[in-house]
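S.K.: could you look at this predicted model? Sequence included:
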Amino acid sequence: QVQLVESGGGLVQAGGSLRLSCAASGRTFSSYDMGWFRQAPGKEREFVAAISASGGRTYYADSVRGRFSISRDNAQNTLYLQMNSLEPEDTAVYYCAARSSSLGNFRFLPSYDYWGQGTQVTVSS
């Protein structure tokens, strides 16, 4: 069982930056692949970025590649998402998620076993 708590969301102007954090409970954080997803009003939840359990592999949605960076600190049981050059289209609730199996595409939402409650990110134009 893993519990995930996101923080770091807020209101920022276009072009600004935010850093999201996801604190995980439990002693097995380092065995989970982790991902960030987001959901804008009226839209489906979508993949943003993912990182392998060891941190050696990262994956990004085309819409955020080059602007966002995912990282993790396994000693601190924490996942991060550094978001730069934010755009109004990035406005959404951001969720972190964990999966115990490395099988399947990182972008596939149902492959994740645990989800946080989400943190709101609003980018004004």
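M.R.: Received it, and whenever you're ready, just let me know what you need.
S.K.: show me where the protein has strands.
M.R.: Using DSSP state E, the strands of the chain run over residues 4-7, 10-13, 18-24, 33-39, 46-51, 58-60, 68-73, 78-83, 92-99, 114-115, 119-124.
S.K.: which helices and strands does the first one pack with?
M.R.: Packed against strand 4-7 by the contact rule (3 or more CB pairs under 8 Å, 6 or more residues apart in numbering; DSSP states H and E) you find strand 18-24, strand 92-99. (Glycine included, C-beta is placed from N, CA and C.)
S.K.: quick one, the shortest one and strand 119-124 angle?
M.R.: Think strand 18-24. With axes from the mean of the first three to the mean of the last three CA atoms, to 10 degrees as the basis, strand 18-24 and strand 119-124 are set at 170 degrees to each other.
S.K.: contacts for strand 18-24?
M.R.: Contacts with strand 18-24, where a contact means CB atoms under 8 Å, 6 or more residues apart in numbering, come from 2-10, 12, 32, 34, 36, 77-83, 86, 94, 96, 98, 116, 119, 121.
S.K.: next: stretch 29-46.
M.R.: With contact meaning CB under 8 Å, 6+ apart, stretch 29-46 is reached by 2, 20, 22, 24, 47-54, 61, 70, 72, 74, 77, 79, 81, 90-100, 102, 106, 109, 112, 114, 118, 121.
S.K.: from the middle of its chain, how far away would stretch 108-125 be?
M.R.: Distance, stretch centre to chain centre, for stretch 108-125: 6 Å (CA atoms, centre = their mean, to the nearest Å).
S.K.: and that stretch, what's its mean pLDDT?
M.R.: For stretch 108-125, mean pLDDT rounds to 96.
S.K.: quick one: buried residues of that stretch?
M.R.: By 16 or more other CB atoms under 10 Å, the buried positions in stretch 108-125 come out as 109, 111-112, 114-116, 118-119, 121, 123.
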